[in-house]
Structure formats: C-alpha cells, structure tokens
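[1] coordinates only, sequence not included:
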C-alpha cells in the first residue's frame, strides 16, 4: 500500500487513459467510451500519421461512415442509439480547420436529421436550411434529397403543410433518379401522404401511401419502414370511417414494431393511432391503455418530453379520457394542450382549432355550455377556412353544436345543424351520433308525443343498424344506442 498521493495519482491516470465500457441489458446496448484526454492523444497521433489537415480523403471517408450509420439508425428508428449520434456529429463539426465545406454540409445535414428525430425541431430546421444551400451543388444528390425531406418534415411539424409539400416534391424528383434507393422513395411517398392527411386531402394521401406499400412489397421488405407505412394507411382508413381495414393494418404494424423494442418512437406512434382507432369504435378501455403506453414510449424517446409531439400525446389522452367519462380530467389536460398549441401553431391554425373542438366537448359535458359554444364556433370558422363546408371534420363540429342547442332546449336550431351534419357525413359511420341526437330531440318534444316517439324510434333504429355494421360487438356505441331504444320502448 502506497500513500494516498500515489494512490490518487494512480486512480486519476487510470481513468484518464482507460477505455470505459457500459452495458445496458434492458436495451441490449453496449458502449465503449474514451476519456477526452485519450481522444486528444489519438487525434494528435492520427494527424501526425496521416496528416488529416492536408489529407481530406480520410476525413471524407469518416464522414461517409458516420452518414451511413445515421441512415441505418434513422431507418430502424432506434431511439437509444440515435440519441448518441448527436455528440459524434457535433464533435466532427467542431474540427472546423480540418473538415472541408462538403464534409461540414454533409455532417450538418446528418445532425439536422438526428435533431428532428429527437424532437429538437427549431435546431433541425435551422441547420437543415443552412446545409441544403451547399448540398444542392454536389454531384451526389441523395444527401440533398434527404435534407429536403427532413426540412419538409420540420415544416409539417410547424403546421406549414404547403411548404412541406413543395420541399418533399423536390425530394421525390431526386429519389426517382436513383432506383437503388427504393426505401427512400417509398418513405417519401408515405411521408408526403401523411402531409396531405391533416390538409384533409385523404384521396391524395391514400394514393401515395399505397404507392409506398407497393414499393416495399415489390422488394419483399417488411420491416420498420413498411410498418410505418401500414400505420399511415390505417390512419387514413380510420378517418374515412373504414374501421375494420384500419384495425387490420394498425395491428399488423404493431406486430412488426414489437420485434424492435428500442424503437420507442415507432411503437409510440403505432399505439397512439391504435388508441384513437379503438376510441372511435367504442373500445374505450383498450384505447386508454394504448394511449398511456404510447405516452410512456414517447417519454423514453424524448427524455423530458418537452415538445409538441409529447403535447400531442397528452392531448390525445385528454380526448380518450373524455370519451371514457373522465370529463374533469379531460378538461384539465385539454386546457393545457390548447395553451401549448396556441404557442406552437398560433391561435388561428387548424391544429389549434382541433384542440378547441375537443375542449368544447369537455366543457359541454360538464354543462359549461357557453364556453363550449364559443370554442366550437371558433373552431368551425377555422376548419371551414381550411377544408371548405363539406368535409367530415365540419360535420363533427356541427354535430356537437347541435348537441349544445339540444341541451339548451333549442330543438329547432339543434335539428337544423344536425341534419346539416348528416348530409355532410353521407356514409361515414359517425353519422349514427347525429341520428341518435335527432332521436333525443323527438323524444323530448312535448307536442304530438306518440308520433314524435315513433319518429325517435326510427332514428335510433337507423343508428343501431350503422353501429352494428361498423363497430365490434363490445363497442360502447352499440350499447349506448340499445339503451336509448330500451328507454324509449318502456316509455311507449
């Protein structure tokens, strides 16, 4: 045993010049790290040995290897390893005297893509905008196309859908010239389809996403990229009211994602869409479980979860809680969501209007009818500006506005807007709720009681037929309609 000075010196140098290893059995992750001083020694040795400041070819090869690794992790959506890439990209960019302008642009684009996946949208947008200025002029156009794609995704996340569309269309033109990059082309078709979705252009979205699926199928590629495309297509079918097809596609995707437990973001996205789907078909307990697990996965992916993606996840939780009867909890969450959305998108954006619609529903169920009506009317104006007068989203708002008029006893105005909603819905299953509301109105009328109850029963029987065709046997929607029919039968 030596004195403490010698021992302390030994420990200090041991740490300074040792390799540090780390193994996380839960994520099957093994890491090897060098102390910063060891890194400096190694860099100094390499610089002397191969003259890195003069021989740029070696640095280009390093940057290419890093880029391929970024591409591999992004394609597989490996949340844990993607997080570790930030330090590598930033470290390479810090050697400004060594790297060329091309290496800098390539690495900045990689870092921008990583930032986007980790939820740092502002940082991603800023660095991608800078990198594409130079990438456009290099012979290899794939890095330029990648940067355009992710800049488009950053714009979509801000709600700038038309800007996102233009950027992605430029990217598609480039990818189509590289047939060996079929995965990139398939991905951009699916991503552009997912841009058209919030624009309400479901036919365009469906066409592009199905085109993406076909490319994957032609190459027998049924991994994570294929699963993501299945989710997007399932979500379109959900919005069109084609719930059986939506369920089939979304559950098929989840089987694939469950094989990749480190893919927190992909699993979260899949569970989120499944949760919304189960909520709409009346399986509220399953929906709540899916949404909660989804948010837990987002927290694993994003860490502190302080971004719009996590705020959206919380907002969906509020929606599902409201449908499960937890109206006070739903209101509390949705009030916070509205503040977040107004800060991120602005007060007049359609995404903010979507939150207002669901917050209005929570207020109405808590009998705060004036607050509910005010929010619904604000939401309706914005939705009409984006989608026109005949989109299913307009029908949803009119339907609930009718509910408010009914609750306030204004049966005439209630019937008017509810009939308008039915005419817009056409064959969408959600029209059953409008028929139920018409049933309520005629059950509540005091004149011509027998005749009105007969008419109410007709509306409720139509609603029951729609629910039994479109929803599973355990759906709360079917039970709700049957209960109303039983009450009316007893009254008669």
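    That came in fine, so what should we check first? Please read all numbers here as calculations on a predicted model, not as lab measurements. Numbers count the residues shown, from 1 in each chain.

[2] pull the helix or strand with minimum mean pLDDT from this structure.
    Lowest on mean pLDDT, DSSP states H and E among the helices and strands of the chain sits strand 19-24, with a mean of 54.

[3] Doesn't residue 138 belong to a strand?
    No - applying DSSP: H, G, I helix; E, B strand; the rest coil, one finds residue 138 to be coil, outside a strand.

[4] Could you count how many residues lie near it?
    By other C-beta atoms under 10 Å, 14 other residues sit near residue 138. In short, each C-beta sits where N, CA and C put it, glycine included.

[5] Okay, it and residue 488: tell me how far apart.
    Distance of residue 138 to residue 488, computed by C-beta to C-beta, to the nearest Å: 72 Å.

[6] next one: residue 480
    13 Å.

[7] do residue 245 as well
    From residue 245 to residue 488 the distance is 33 Å (C-beta to C-beta).

[8] Please say which of those two ends up with more neighbours.
    More crowded of residue 245 and residue 488, by other C-beta under 10 Å: residue 488, with 18 against 14.

[9] I figured that one hits residue 453, correct?
    Yes - assessed by C-beta atoms under 8 Å, residue 488 is found in contact with residue 453 at 6.3 Å.

[10] Identify the contacts common to the two.
    Residues touching both residue 488 and residue 453 by C-beta atoms under 8 Å, 6 or more residues apart in numbering: residue 443.

[11] list the contacts for the closest residue to residue 96 other than its chain neighbours?
    In this structure, residue 96 finds its nearest non-sequential neighbour in residue 104, 7.5 Å apart by C-beta to C-beta, 6 or more residues apart in numbering. If a contact means C-beta under 8 Å, 6+ apart, then residue 104 has 93, 96, 134 as its contacts.

[12] can you put those residues in CSV and add neighbour count?
    Putting the contacts of residue 104 into CSV (neighbours: other C-beta atoms under 10 Å) gives the following:
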residue, neighbour count
93, 17
96, 7
134, 18
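
[13] so which of those residues would you say is closest to residue 217?
    residue 134 (36.6 Å; C-beta to C-beta).

[14] hang on, isn't that closest one packed against residue 101?
    Yes - between residue 134 and residue 101 there is a contact under C-beta under 8 Å: 6.2 Å.

[15] Which pLDDT value does the model give residue 387?
    pLDDT, residue 387: 92.

[16] Count the neighbours of the residue nearest to it when sequence neighbours are not counted for me.
    Distances taken as C-beta to C-beta, 6+ apart place residue 200 nearest to residue 387, at 4.5 Å, with adjacent residues excluded. Residue 200: 19 surrounding residues under other C-beta under 10 Å.

[17] need the contact list for residue 200.
    Residue 200 touches 386, 387, 391, 393, counting by C-beta under 8 Å, 6+ apart.

[18] Most neighbours of all these, which one?
    Going by other C-beta under 10 Å, residue 393 tops these with 20 neighbours.

[19] For the strand or helix carrying that one, which outside residues touch it?
    Assigned by DSSP states H and E, residue 393 belongs to helix 392-407. Defining contact as C-beta under 8 Å, 6+ apart, one finds that helix 392-407 is touched by 200, 239, 241, 357, 360-361, 364, 367, 369, 372-373, 376-377, 379-380, 383-384, 387-388, 411, 413-418, 420-422, 424-425, 428, 430-431, 433-434, 437, 440-441, 444.

[20] Closest one to residue 210 out of the contacts of residue 200, please.
    Checking those one by one against residue 210 (C-beta to C-beta), the nearest turns out to be residue 391, at 21.4 Å.

[21] ok, and residue 295, which helix or strand is that part of?
    helix 284-302.
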